[in-house]
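Asker: my questions are about this predicted structure, shown below with the sequence.
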Amino acid sequence: MLAQSAMQDELESLSGLAAPRIVQWYPGHIAKAERQLREQLGMVDLILEVIDARIPISSRHPSLAKWTHGKPRVLVVNRADMVSEKDRSRWNAQLAESDQSVVWTNGVSGTGVGQLIKVAAHLGEGLNAARANRGLKARAVRACVVGFPNVGKSALINRLLGRRLADSAAKPGVTRSLRWMRVGGALDLLDAPGIIPPAFDNQLAAQHLAMCNDIGEAAYVDSLVASALVQHLQRQQHTSNRSPLAILQKRYSWNPASHPSGEDCVRHIADSLFQGDLEKAGQRLLKDFRTGVLGRIALEHPEGRSR
Ligand SMILES: Nc1nc2c(ncn2[C@@H]2O[C@H](COP(=O)(O)OP(=O)(O)OP(=O)(O)O)[C@@H](O)[C@H]2O)c(=O)[nH]1
């Protein structure tokens, strides 16, 4: 799978962080959805694997390659608007080395969706050429949209359909059942609920998913995840006055010289805005990150280092 070694490097390089513990639940409806999805995969021609541009390593489902048995997969890197152009081109260079087609999208504005339809149509032509050779009639290409919760699958499907059919909301676990939808005459789409592995062996990947709110039904302490996020940003060594840390300092009058650690930062916000309530401070900080108030921030980089 793409960048597995980079994933190890990236995640190991974070091991110095104060590590919040992420306890993941694997509720019955997710287990059922995964079972149904795996049954449907036999009927599918093409996988549209949607990942989060901020965490292109941690948001790849570890079992997908095994389940899809060499079927063509398009890597749909959604939330392209949430990372910088520089980060996108660094990832592009790395992703170009894999044999998967890669399309960057924005599920809200629809940027990249036309390209995605073109790539799917092209793969569909190959499929129908093979069918014609076997004396079979041409048919719509069947594509399945797969990914972690909250990465933007439903938003993308609505963009592909050109109308709002799939429920899309800023919280994980909105899509609860599988259903087929038709895009024009040439593409059938299977919308699937977000899937997560039954357990997270790698707590650091789980932290990244928690920071981005892509983890589905999991339990974690917001203040600890927020504090790990601040420490992560501190390691990225931005220098500009529009860097995430500079925005944080200005927004919360936070002085890292007197309050140096991520935990100090959360505590400072708690004391100054929330009468010492660390959880409210953690939630505010995570919201700032997730809504882009702190700027465009990629948490994972292809070189295997956080920056
Ligand atoms: N900034 C930004 N937000 C996006 C993008 N794509 C989706 N979103 C937003 O992210 C939130 C989650 O999107 P959904 O489409 O519901 O995600 P999902 O993967 O279907 O979620 P589940 O139903 O939990 O599996 C919504 O508020 C979307 O508007 C994107 O490319 N950029």
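Answerer: Cool, the structure landed.

Asker: tell me where the stretch 151-300 of the chain has strands.
Answerer: When assigned using DSSP state E, counting those that start in this stretch, the strands of the stretch 151-300 of the chain occupy the ranges 179-183, 187-191, 218-219.

Asker: from the contact counts, what lies against the second one?
Answerer: Of the remaining helices and strands, those touching strand 187-191 by 3 or more Cβ pairs under 8 Å, 6 or more residues apart in numbering; DSSP states H and E are helix 113-133, strand 141-147, helix 153-161, strand 179-183. Every residue, glycine included, has its C-beta placed from N, CA and C.

Asker: so which of the strands of the stretch 151-300 of the chain is the most packed in?
Answerer: Most buried of those, by mean neighbour count (mean count of other Cβ atoms under 10 Å): strand 187-191, with a mean of 23.

Asker: can I get that one in CSV, CA atoms only?
Answerer: Listed next in CSV are the C-alpha coordinates belonging to strand 187-191 (Å, rounded to 0.1, in the frame of the first residue of the first chain):
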residue,chain,number,x,y,z
LEU,A,187,-21.7,5.5,-13.8
ASP,A,188,-23.5,3.8,-10.9
LEU,A,189,-22.3,4.7,-7.4
LEU,A,190,-22.5,2.7,-4.2
ASP,A,191,-22.6,5.0,-1.2
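
Asker: strand partners of it, parallel vs antiparallel please.
Answerer: Partner strands and pairing direction for strand 187-191 (DSSP bridges) are strand 141-147 (parallel), strand 179-183 (antiparallel).

Asker: check the offset of that strand from the chain's centre.
Answerer: In this view, strand 187-191 has its centroid 20 Å away from the chain centroid, taken as Cα atoms, centre = their mean, to the nearest Å.

Asker: most distant residue from the middle of the chain?
Answerer: In terms of distance from the mean C-alpha position of the chain, Gly135 ranks first, at 40.6 Å (Cα atoms, centre = their mean).

Asker: which helix or which strand is home to that one?
Answerer: Using DSSP states H and E, Gly135 sits within no helix or strand.

Asker: separation between it and the ligand?
Answerer: Counting by Cβ to the nearest ligand atom, to the nearest Å, the gap from Gly135 to the ligand is 39 Å.

Asker: pLDDT score assigned to that residue?
Answerer: According to the prediction, Gly135 has pLDDT 91.

Asker: pull out the buried residues from stretch 138-150.
Answerer: Ala140, Val141, Arg142, Ala143, Cys144, Val145, Val146, Gly147, Phe148, Pro149, Asn150 (16 or more other Cβ atoms under 10 Å).

Asker: do it and the ligand meet at all?
Answerer: Yes: residues of stretch 138-150 are located near the ligand by Cβ under 6 Å from any ligand atom, namely Gly147, Pro149, Asn150.

Asker: same check, this time on stretch 286-294
Answerer: No: with Cβ under 6 Å from any ligand atom as the criterion, the ligand is not reached by stretch 286-294; the gap is at least 6.6 Å.

Asker: in that stretch, what counts as buried?
Answerer: Buried residues in stretch 286-294, counted by 16+ other Cβ under 10 Å: Leu286, Asp288, Phe289, Arg290, Leu294.

Asker: now Glu49: phi and psi?
Answerer: The main-chain torsion angles of Glu49 are listed as degrees, to the nearest 10 and equal phi -90, psi 110.

Asker: what's around it, how many residues?
Answerer: 21 (other Cβ atoms under 10 Å).

Asker: you'd agree it is up against Val146?
Answerer: Yes: in this structure, Glu49 is within contact of Val146 by Cβ atoms under 8 Å, at 5.5 Å.

Asker: can you pull the residues that touch both of the two?
Answerer: His61, Leu64 (Cβ atoms under 8 Å, 6 or more residues apart in numbering).

Asker: what pLDDT does His208 get?
Answerer: Listed pLDDT for His208 reads 94.

Asker: swap in Tyr220?
Answerer: According to the model's per-residue confidence, Tyr220 sits at a pLDDT of 85.

Asker: out of the residues of stretch 138-150 next to the ligand, which is nearest to the ligand?
Answerer: Pro149 (3.6 Å; Cβ to the nearest ligand atom).

Asker: which residues does whatever residue of the stretch 1-150 of the chain ends up closest to the ligand contact?
Answerer: When Cβ to the nearest ligand atom is the measure, the stretch 1-150 of the chain has its nearest residue to the ligand at Gly107, with 2.7 Å between them. The neighbours of Gly107, taking Cβ under 8 Å, 6+ apart as the test, are Asn78, Arg79, Gly152, Lys153, Ser154, Ala155, Leu156, Asn158, Arg159, Ser168.

Asker: all good on my end, thank you.
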